[in-house]
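1. I'll drop the sequence and a predicted model, then ask my questions.
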Amino acid sequence: MPLAPCPSCGRHVRLPSEECPFCTASVARAEPRKATPVRVLSRAAVVYFGAVLASGCGPGTPWEEETVLQPYGAPPDPEPVPDPDVPPDPEVVPPDPEVVPDPEPTPEPEADEPPEANEPPSTRPSSVAQPYGASPPPDDDGLEELRSTR
């Protein structure tokens, strides 16, 4: 039982009937339109999908080199230790290292003598902050005044 839209009201009407039951307009006896196939993918999407599939079929990359980077601030990895099962090549002889004598150490300059203990401490303000949780300095302003008023 095929349906077709009414030309005047747009409602669906059964095709064997000659007039619309809703608006009584005459319905032309025409074949119902076939649904057009809906394209699922555009051409660009099909080409992209094909390229992705084709790239997955290529040869793999060798995993001999380690490409992982060390975290920031970590010391570099040491050189890999050769396998003990593989004997070294007897024809390859490492060159003799050049012997360089150690340079003589330079004498360190003598340090200045520390100030004598009899000298009064400096009255200039210090730029060194007190450690966290340390007691306040003994000449704190206001504390002596509070203690004397009690």
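-> It's in.
2. from memory Ala22 sits against Cys6, does it?
-> For residue 22 the amino acid is Phe, not Ala. Yes - if you go by CB atoms under 8 Å, Phe22 and Cys6 touch, sitting 7.0 Å apart. Every residue, glycine included, has its C-beta placed from N, CA and C.
3. Can you identify the helix in the chain that spans the most residues?
-> Counting by DSSP state H, the longest helix found in the chain is helix 43-55.
4. helices and strands around that one, which ones?
-> Where contact means 3 or more CB pairs under 8 Å, 6 or more residues apart in numbering; DSSP states H and E, helix 43-55 is not packed against any helix or strand.
5. Show me what counts as buried in it.
-> Across helix 43-55, burial judged by 16 or more other CB atoms under 10 Å covers no residue at all.
6. Which one's more surrounded, Phe22 and Cys6?
-> Cys6 (19 against 13; other CB atoms under 10 Å).
7. what touches both of Phe22 and Cys6?
-> The contact sets of Phe22 and Cys6 overlap at Val13 (CB atoms under 8 Å, 6 or more residues apart in numbering).
8. How much space separates the nearest residue to Met1 once chain neighbours are set aside from Val46?
-> Take Met1 and drop its neighbours on the chain: the residue closest to it by CB to CB, 6 or more residues apart in numbering is Arg14, 6.0 Å away. Distance, Arg14 to Val46, using CB to CB, to the nearest Å: 40 Å.
9. can you pull the contacts of His12?
-> 3-6.
10. my bad, should have said Cys23
-> Cys23 makes contacts with 6, 8-9, 11, as judged by CB under 8 Å, 6+ apart.
11. So of those residues, which two are at opposite extremes in space?
-> Ser8 and Arg11 (9.3 Å; CB to CB).
12. so what sits against both of those two?
-> 20, 23.
13. tell me the strands in this protein, going along the chain?
-> 3-5, 12-14 (DSSP state E).
14. these two touch, right, Cys6 and Pro21?
-> No - in this structure Cys6 lies outside contact range of Pro21 using CB under 8 Å: 9.1 Å.
15. Thank you kindly, that will do.
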